[in-house]
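# one predicted model, sequence on top.
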Amino acid sequence: MTNDLVVIVGSMISLDDKELFKKIKNSKIALICVLEDLPLMESVEFFSRYEAGSEEGVVAILVKEFLKDANLPREITDYFDELDEGYISAETNIGEEEVEDLHVMIQNASNPLIVFGKDIFLNSRVENISKFINLLKKYSNIEIKCLSELKTDSLHVEELAELKSFDGTVVFQYNSTHSSNLLIGSTQFGVAAKIQDGQMIVVKNQNREFKLDKKLKGTIALMPSIIDENLYRFEVAKIIKREVQ
């Protein structure tokens, strides 16, 4: 049966799972991600951008909302009652009304699918995030797909960790099929980093050329690289203008 709604959380599907991208790109898509997935955006009917590094909080408030009518054990009910979604919403940049709207979309779909993506499983809090996903799998009828293995089968969620700061210029490093000397960013990123299209820069000890992409938004730049697949892909990085020889 075809999924009439696909909710993607924490993944650039066009990069992370090309087969899944081909399968769902003509579906109705809701995307919750740090960055727009540009090849997918024509199919995206709901987009919410969260702060880099805040995947634990994002998954927590999504699962709380999606299970609000479920028959949960008292221990889990008490945990969610004490969870301050107003604070988490402010820290993650995911609006409480957005979460409610997404829940309505799921309720109105006949066969929704939620995909938990690569950035979820590269977060240092992946074990606790896995516990939230386990709750959703156990106490909802929503189809769940994870792009990596859950780190535990436990349902005993812990207190959320304090959110790590990603203030400053942030880059998204991802494995590219070919090496690149580009750093690709939005107009806002160029302003924040005080660099212009075509300017030569140094970032993470690498010589790069800044390429402006007006389709991008926000202050996170794309940095195609050859990287360790087990490391979180967003990083605060200092941008240094190269001296003209």
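That came in fine, so what should we check first?
# going forward, measure contacts between C-alpha atoms and count neighbours the same way
OK.
# quick one: low-confidence ranges for this structure?
1, 178-179, 243-245 (pLDDT under 70).
# and for residue 212, the neighbour number?
Using other C-alpha atoms under 10 Å, residue 212 is surrounded by 22 other residues.
# same question for residue 180.
13.
# per-domain residue ranges of the protein.
Domain assignment for the chain by automatic domain parsing gives 5-146, 170-241.
# as CSV, these with distance to residue 155 would be great.
Below are those laid out as CSV (distance: least, C-alpha to C-alpha, whole Å):
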stretch, distance to residue 155
domain 5-146, 5
domain 170-241, 24
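# secondary structure element for residue 89, which one?
helix 85-92 (DSSP states H and E).
# name the residues that touch the helix or strand just after that helix?
Downstream of helix 85-92, the next assigned helix or strand under DSSP H and E is helix 96-108. When contacts are defined by C-alpha atoms under 8 Å, 6 or more residues apart in numbering, helix 96-108 is touched by residues 5, 30, 46, 48, 61, 62, 65, 66, 85, 86, 89, 112.
# ok, now stretch 40-59?
Residues outside stretch 40-59 that contact it (C-alpha under 8 Å, 6+ apart): 10, 14, 21, 25-36, 88-89, 91-94, 98, 102, 119-120, 123, 125-126, 128-129, 132-133, 160, 163-166, 234.
# one step back: so what does the helix holding residue 89 touch, helix or strand wise?
For helix 85-92, the packing partners by 3 or more C-alpha pairs under 8 Å, 6 or more residues apart in numbering; DSSP states H and E come out as helix 55-66, helix 96-108.
# okay, these, which one's buried deepest?
Of all the helices and strands packed on helix 85-92, helix 55-66 has the most neighbours on average by mean count of other C-alpha atoms under 10 Å, namely a mean of 22.
# C-alpha coordinates for the very next helix or strand once past it, PDB please?
For helix 55-66, the following helix or strand on the C-terminal side (DSSP H and E) is helix 74-82. Extracted as PDB, the C-alpha positions of helix 74-82 are listed here (Å, rounded to 0.1, in the frame of the first residue of the first chain):
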ATOM      1  CA  ARG A  74       1.600   5.900  34.100                       C
ATOM      2  CA  GLU A  75       5.400   6.200  34.200                       C
ATOM      3  CA  ILE A  76       5.400   7.500  30.600                       C
ATOM      4  CA  THR A  77       2.300   9.700  31.100                       C
ATOM      5  CA  ASP A  78       4.000  11.400  34.100                       C
ATOM      6  CA  TYR A  79       7.200  11.900  32.100                       C
ATOM      7  CA  PHE A  80       5.400  13.600  29.200                       C
ATOM      8  CA  ASP A  81       3.300  15.700  31.700                       C
ATOM      9  CA  GLU A  82       6.500  17.100  33.100                       C
END
